[in-house]
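turn this into a structure:
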Amino acid sequence: MSDSAVEISGVKKSFGALTVLDDLDLSVAKGSFTSLLGPSGCGKTTLLNIVGGLDRPNHGEIRLGRDIVYSHPQRINLPTERRNIGYVFQNYALWPHMTVLQNVGYALKIRKLAATERDRRSREILDKLELGSLAERYPFQLSGGQQQRVAIARSIVYQPRLLLLDEPLSNLDAQLRERARSWLKSVHESFGLTTILVTHDQSEALSMSDQVVLLSGGHIEQVGTPEEIYERPRTAHAAEFVGGANLIAGRLAMDGATLVTESGMAIAVRMPSPNQAGAPACVAIRPQKIQFIDSGADPSGHAAGTVMSFVPKTILYQGSNFEIVGTTPVGDIRVLAERAPPAQGCDILLPSADCLCVTP
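Numbering: from 1, shown residues only. Sure, this is the predicted structure:
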């Protein structure tokens with residue numbers, strides 16, 4: 001327990017007949033950066049709000065360190081202002097009539113710090129976040145990226161034990177978002193704050209996190225490091241949502257290393273975990289792992305795997321590569337490649353080392 005900043009046990013949340021979170025258990029280590037990842041409606045923002053005290057679950061228990069902040073059996077529900085957390089909202093929620101310095105200092109004002117101490121600590125945090133020159137500006141005079149930094153400065157100036165971020169990069173343009181990722185990661189490392197980020201962007205989750213929590217329909221689909229989530233997904237949903245894997249349904253053959261599709265095609269697979277022969281399963285393969293082979297060419301010079309015909313339907317040029325969707329004997333397959341295939345079609349190779357066997 002002492003190594004955990006957050007412990008969530010058996011948390012449930014319903015709105016009427018709609019169950020948003022269903023019996024969730026989750027541990028967040030001290031000083032870690034955890035991302036709650038998933039599509040809209042999966043419950044990630046609700047979970048963040050529950051941790052922050054902005055929403056109340058129907059059942060379960062939540063600890064911040066050794067402190068119980070919510071317990072349904074014990075009828076404990078500590079209000080937000082007593083949980084000592086920082087919260088950055090999606091729209092930043094800066095006070096428009098206050099300067100940057102006043103916005104940051106307001107968090108200290110409500111904690112009854114003297115004016116001179118508020119000013120000193122506010123300017124200190126602004127300098128650390130390279131915002132010192134903006135102290136006298138108002139929010140409308142700032143760019144989106146600057147507003148984001150001010151919102152984070154306001155959330156960490158009082159040294160909270162936990163920082164919650166609700167999709168803070170979603171309002172930034174693509175180029176600025178990439179720079180903001182690096183900046184956010186550096187802030188986390190500099191201050192050592194336990195951080196929980198809500199995002200639907202897999203690139204954000206994979207690039208910034210120590211731990212990724214993939215949510216689906218109010219359940220935790222998978223928890224692990226970014227590498228584990230991407231390289232060893234356990235389910236078809238995890239493989240498809242993180243990395244956009246192609247999914248091919250079938251059943252495992254008796255040898256345990258082959259999946260047989262409904263059309264009877266056998267696909268050699270890599271087994272991430274034991275599965276019973278005859279059980280329904282899916283092959284998941286990343287689009288960039290699929291290789292083009294000229295039709296009729298000898299595939300012996302390529303990696304071991306399954307060869308099948310491929311007829312392009314759409315070809316999209318993306319600068320560094322082509323995204324091609326084509327027809328195969330097992331359905332449509334998406335491929336990312338440096339070159340476009342012949343319009344009349346060719347063969348593709350699904351290397352067995354890259355064909356993951358996952359739960360449907």
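
tell me how many other residues crowd Thr195.
Counted with other Cβ atoms under 10 Å, the neighbours of Thr195 add up to 27. For glycine as for every other residue, the C-beta is placed from the backbone atoms N, C-alpha and C.

which residues touch it?
Ser32, Phe33, Thr34, Leu162, Leu163, Leu164, Leu165, His188 (Cβ atoms under 8 Å, 6 or more residues apart in numbering).

can you list the residues that contact the helix or strand containing the last one?
So that's His188. Following DSSP states H and E, the helix or strand that holds His188 is helix 174-191. Under the contact criterion Cβ under 8 Å, 6+ apart, helix 174-191 has outside partners 33, 128-129, 144-145, 148-149, 152, 156, 163, 165, 168-169, 172, 195, 203-204, 207-208.

how about it: buried residues?
Applying a neighbour-count criterion of 16 or more other Cβ atoms under 10 Å, one finds Leu176, Arg177, Ala180, Arg181, Trp183, Leu184, Val187, His188, Phe191 buried in helix 174-191.

on that earlier part again, out of the contacts of helix 174-191, which sit inside helices?
Among the contacts of helix 174-191, the members falling in helices (DSSP state H) are Lys128, Gly144, Gly145, Gln148, Arg149, Ile152, Ile156, Ser203, Glu204, Ser207, Met208.

after the helix or strand harbouring Gly326, which helix or strand is next?
If you go by DSSP H and E, Gly326 is part of strand 322-328. Per DSSP H and E, the first helix or strand lying C-terminal to strand 322-328 is strand 331-337.

name the strands paired with that following strand and say parallel or antiparallel.
Strand pairing for strand 331-337, using DSSP bridges, gives strand 322-328 (antiparallel).

and the pLDDT at Gln148?
The model reports Gln148 with a pLDDT of 91.

what degree of burial does it show, as a neighbour count?
23.

can you pull out the strands in the stretch 101-250 of the chain?
Applying DSSP state E, counting those that start in this stretch to the stretch 101-250 of the chain gives strands spanning 162-166, 195-199, 211-216, 219-224, 246-252.

so which of those strands gets nearest Gly52?
strand 162-166 (5.1 Å; Cβ to Cβ).

neighbouring contacts of the closest one?
By Cβ under 8 Å, 6+ apart, strand 162-166 touches 5-6, 45, 48, 51-52, 64, 83-90, 152, 155-156, 184, 188, 193-198.

turn the buried ones among the residues you listed into a named PyMOL selection, would you?
Here is the PyMOL command that picks out the buried ones among the contacts of strand 162-166, judged by 16+ other Cβ under 10 Å:
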select buried, resi 5+6+45+48+51+52+64+83+84+85+86+87+88+152+155+156+184+188+193+194+195+196+197+198
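
in the protein, what helix or strand scores lowest on average pLDDT?
When the helices and strands of the chain are compared on mean pLDDT, DSSP states H and E, helix 174-191 comes out lowest with a mean of 88.

run the chain-centre distance for that one.
15 Å (Cα atoms, centre = their mean, to the nearest Å).

now the angle between strand 195-199 and it, please.
If you take axes from the mean of the first three to the mean of the last three Cα atoms, to 10 degrees, helix 174-191 sits at 160 degrees to strand 195-199.

dump helix 174-191 to CSV, restricted to CA.
Provided in CSV are the C-alpha atoms of helix 174-191 (Å, rounded to 0.1, in the frame of the first residue of the first chain):
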residue,chain,number,x,y,z
ALA,A,174,-1.6,18.9,-34.3
GLN,A,175,1.9,20.5,-34.4
LEU,A,176,1.5,22.2,-31.1
ARG,A,177,0.1,19.0,-29.5
GLU,A,178,3.3,17.1,-30.3
ARG,A,179,5.5,19.8,-28.6
ALA,A,180,3.1,19.8,-25.6
ARG,A,181,3.6,16.1,-25.1
SER,A,182,7.3,16.6,-24.6
TRP,A,183,6.7,19.6,-22.3
LEU,A,184,4.1,17.7,-20.2
LYS,A,185,6.5,14.8,-19.8
SER,A,186,9.3,17.0,-18.7
VAL,A,187,7.1,18.8,-16.2
HIS,A,188,6.1,15.4,-14.7
GLU,A,189,9.8,14.3,-14.5
SER,A,190,10.9,17.7,-13.0
PHE,A,191,8.3,17.8,-10.2
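
what's the angle between that helix and strand 162-166?
Using the same axes, to 10 degrees: helix 174-191 against strand 162-166 is 170 degrees.

stretch 32-51: which residues count as buried?
32-38, 42-51.

please apply the same query to stretch 139-151.
Pro139, Leu142, Gly145, Gln146, Gln147, Gln148, Arg149, Val150, Ala151.

the last one and Lys185, how far apart?
Remark: distance between Ala151 and Lys185 (Cβ to Cβ, to the nearest Å) = 17 Å.
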